[in-house]
Every structure is written in C-alpha cells, then in structure tokens.
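**Q** sequence and predicted structure below; questions after.
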Amino acid sequence: MTVMPAWVIDKYGNNDVLRFTNNARFPIIDYPNEVIVKVFAASLNPLDVSMRGGYGSATLALKRDPLNITQSGSEFPLILGRDVSGVVMECGLDVKYFRERDEVWAAIPPWKQGSLAEFVVLNANEISHKPKSMCHAEAASIPYVATTAWSALVNTGGLSKDNCANKRVLILGGSGGVGTFAIQLLKAWGAHVTVTCSHNAEQFVRGLGADHVVDYTAGPVEEPLSLLEKFDLVLDNIGGDTERWALGLLKPWTGAKYVTLVTPFLLNTDRLGIADGMLQTAATVATKMIKHLVKGVHYRWGFFAPSGPALDEIREMVDAGQIRAVLEETFSFSQVPQAFEKVEKGHARGKTVVKIS
Ligand code: NDP
C-alpha cells in the first residue's frame, strides 16, 4: 500500500493525540467523480479542535459508514483539516471540468479525511479552480468559512448579489474566520453591515468594510444594538444567550431572518445517539421556528455545505479584488500542534493557515 506524510489522531483527546506519521494511507479514488489533490496549504477552524476532542463523532461515523461495513470498524487514524488549496494529481473517469495539474481549492466535508496530509481525495463538485490572484496559503484560508457563510447567508438567509443593496445585516462575532469573510461578501453585494466584536478588533473589522461596529466587551451588547434601525438579517456566530434578544432586532413581518451557526445538532447526537438526538434536534428547531414565526420573524439554523459552484462565484470576487484573504498566522507542516494551540486559545482575527508543501 502506498503511504504519505500526515498528521493523524488515533483517539479523541487534547493536543497530545496529534501524531505525525510518514505512513498514512494514500487516498484512492473510489468513485469515478472523485479527484486526488496534492495539498499545498490547509487551514484550521474551531471545528478541527472540537473534532479532535470527539465532537460530532456519532453523526460523522454514520456519514462515513452508513451500513457499518468498514473492516476497521473505526474512523481512526483520522486526518483533520477542512480547507485545501493544491493541485489535482489524478481524476476519476467521470470528471469533466478538472484536469491533472489544475490548481484548485475546496472545503472538505467533516466526514471525509482532511487536508493535514500530503494528499486528499474529494468529489469533483466539492472543488473549484483556485483564484489566480492568491497564493496557496491565502487560498486555503477561505473555503470552509466561505462556504459556511454562503450556506447561511444565501441558501438559508435568502441573500444574493441582486437583493442585498438596501439590506441591513448584523453579524454577531465579526472578527473570526466566518465573520471576516461574511463582512466582505455582504459589502461587495452592497448591504449595510453592522458587526459586534471586541474593542481591540474594531479597526480590523472596519478595514474589511464594516459600516457600524459595536463593542461587546463594553457591556450588554443588546442595549446599543436595540437603539439601531432594525435589521433584515442577523448572522449569529456566537450562540449562547444571543437568541434571547437577537430576534427582537429584526424588522417584523418583512421576511427578516435570524440565522445561527451555533446549533446543538451534533451535540445532541453525541449525547443521545443518532435517533434520539435527531428527534430532540427536530423538536427544538421546530418549537423555536414556530415561537418566532408568530412574532413575524424567521428563526433558522445554518450549516456548512461543501460547494464547488459557490467557490467558483467566490473566486470571481477574489480575482476582482472584492474579497481578500485574512491570514492571522501561518504555520509550517511540522508545527501543526502549535497551530491547534493557537486556534484553541480563541480570539481569532481571521484565519490560521498551515503550509503543507
Ligand atoms: P472563530 O474562532 O474564527 O471566530 C470567533 C470570533 O468571535 C473571534 O474573533 C472572537 O474574538 C469573537 N467573539 C467571541 N465572543 C464574542 C462575542 N460574545 N461577541 C462578538 N464576538 C465574539 O470562529 P469561526 O468564525 O470560524 O466560527 C464562528 C462560529 O460558527 C463558531 O462557533 C463555529 O463553531 C461556528 N460554525 C458553525 C458551522 C456550522 O456548520 N454550523 C460551520 C462553521 C463555523 P474575541 O474573543 O477576541 O472577541
């Protein structure tokens, strides 16, 4: 069996479970629409830290092996890393839009082996040609947060480049990976963007285009927010008690939406098992949707969705100079544990990238 270098985990835990190996299993093309990508750069997201500790393992195990037929009976050794920028090495027989040596970028679904490795296998509709104006490290900082923001704002929130012009959008938590991308996307589409962040991130988010910034460290953030004109959409990257007050900031009876990225879905299935966890999740979201619908606003959960076509549109915006990479810190392949430590500390100001080759 051919092998490759990778960072793997053999069990869930803290940073000690990360292990470098030169003998990780080389990915193979199982389906004719798959491609093998040589990874030049990856990036880390809070999800990688959570998955290292076992978050989502029940649902992700079911996605990986729905019929429970893998011989190993386990997801280990597991490779983390959800972003990739690299070069196509091999294409399955049905792959039409990509060729060997094409430079591509992608967000890798969490049930697949990740990009902290020399090679990764992806479905052709999950990848996209990389922006020409970016190096691999810059390109790797974008796909996962971009496809998450796209899924939340476009697919769930109903926003698009054609309907954003007079929309007022509030982003709760604008200084991290998702926030820094969402600000730029919405500004490029002409929306008015209000952002909450720490005091020391104010100039940073203004530099990305935020029109109005509210410091959440100065006191209860809902108070200054409630004095502002109401919003057409709230994107919540923070969760916790935000939904207690954030829906009251929306314009009622206008189709306005609150979309939160912080949902209990995977925690429920980890805690209760797949069937009960899903039932609990469905009951929770349905109750909340109805509770807010009668007040004239829409309550929604947003989820990451892999999408080559969304990345195609984002590439055009990047190459047109409308969206830039926001790299906070770049690590080498040998420094993956330090990169995890950085992300785990929180207080992100953009993205943490790992150069693989
Ligand atoms: P990051 O860690 O990159 O950014 C979080 C940012 O929020 C940091 O800049 C932090 O800075 C800031 N922050 C923390 N507390 C507050 C607060 N109370 N108000 C305003 N800002 C705050 O995370 P991501 O942007 O990558 O992800 C955001 C959230 O979305 C995470 O919870 C993540 O798990 C979730 N997510 C969910 C997905 C899904 O499929 N549902 C997919 C992707 C992400 P500071 O502490 O210095 O203020």
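**A** Noted; the coordinates are in hand.

**Q** alpha carbons only for contacts and neighbour counts from here, please
**A** Noted.

**Q** and stretch 280-290, how far out from the chain middle?
**A** Centroid separation between stretch 280-290 and its chain, computed with CA atoms, centre = their mean, to the nearest Å, is 23 Å.

**Q** list the buried residues for that stretch?
**A** Neighbour-count burial for stretch 280-290 flags 280-281, 285 (criterion: 16 or more other CA atoms under 10 Å).

**Q** need the three-state assignment for F303.
**A** Recorded secondary structure, F303: coil (DSSP: H, G, I helix; E, B strand; the rest coil).

**Q** do you know how far it is from L261?
**A** 6 Å (CA to CA, to the nearest Å).

**Q** what do you get for T148?
**A** If you measure T148 against L261 using CA to CA, the figure is 8 Å.

**Q** what sits in contact with each of these two?
**A** Common contact partners of T148 and L261 (CA atoms under 8 Å, 6 or more residues apart in numbering): 302-303.

**Q** look at those two and report which has more neighbours.
**A** Legend: neighbour count by other CA atoms under 10 Å for T148 and L261, higher for T148 (23 against 19).

**Q** can you tell me the closest non-neighbouring residue to the more buried one?
**A** Computed as CA to CA, 6 or more residues apart in numbering, the closest residue to T148 that is not its neighbour in sequence is F304, at 4.1 Å.

**Q** how many residues are close by K295?
**A** Each residue near K295 was counted by other CA under 10 Å, and the total is 12.

**Q** isn't it up against L250?
**A** No. Look at K295 against L250 with CA atoms under 8 Å: they stay out of range, at 10.3 Å.

**Q** which one among the buried residues of stretch 280-290 gets closest to A310?
**A** Using CA to CA, the shortest approach to A310 within the buried residues of stretch 280-290 belongs to V285, at 26.2 Å.

**Q** now name the helix or strand holding that closest one.
**A** Per DSSP states H and E: V285 is located in helix 274-293.

**Q** and M1, what pLDDT?
**A** With respect to pLDDT, M1 has a value of 61.

**Q** likewise for M134?
**A** On the pLDDT scale, M134 is placed at 98.

**Q** what does the stretch 151-300 of the chain put close to the ligand?
**A** The stretch 151-300 of the chain comes close to the ligand at residues 172-173, 175-179, 196-198, 216, 237-238, 261-262, as judged by CA under 6 Å from any ligand atom.

**Q** switch to 5 Å and redo it
**A** Residues of the stretch 151-300 of the chain lying close to the ligand by CA under 5 Å from any ligand atom are 173, 175-178, 196-198, 237, 261.

**Q** the residues you listed in strands, which ones?
**A** 196-197 (DSSP state E).

**Q** adding pLDDT, write the residues of the stretch 151-300 of the chain next to the ligand out as TSV.
**A** Formatted as TSV, those follow (pLDDT from 0 to 100):
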residue	pLDDT
G173	98
S175	98
G176	98
G177	98
V178	98
T196	98
C197	98
S198	98
N237	98
L261	98
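
**Q** inside helices: which ones of the residues of the stretch 151-300 of the chain next to the ligand?
**A** Of these, the ones assigned to helices by DSSP state H are 177-178.

**Q** which of the residues of the stretch 151-300 of the chain next to the ligand lies closest to G346?
**A** Of those, the one sitting nearest to G346 (CA to CA) turns out to be G176, at 8.9 Å.

**Q** tell me which residues in the helix or strand of the chain with the lowest mean pLDDT are buried?
**A** The helix or strand of the chain with the poorest confidence is helix 57-64; it has a mean of 91 (mean pLDDT, DSSP states H and E). Under the neighbour-count criterion of 16+ other CA under 10 Å, helix 57-64 has 57-61, 64 buried.

**Q** name every strand pairing with the helix or strand following that helix and say which way it goes.
**A** Note on helix 57-64: by DSSP H and E, the next helix or strand toward the C-terminus is strand 83-91. Next to strand 83-91 in the sheet, as set by DSSP bridges, lie strand 34-44 (antiparallel), strand 103-107 (antiparallel).
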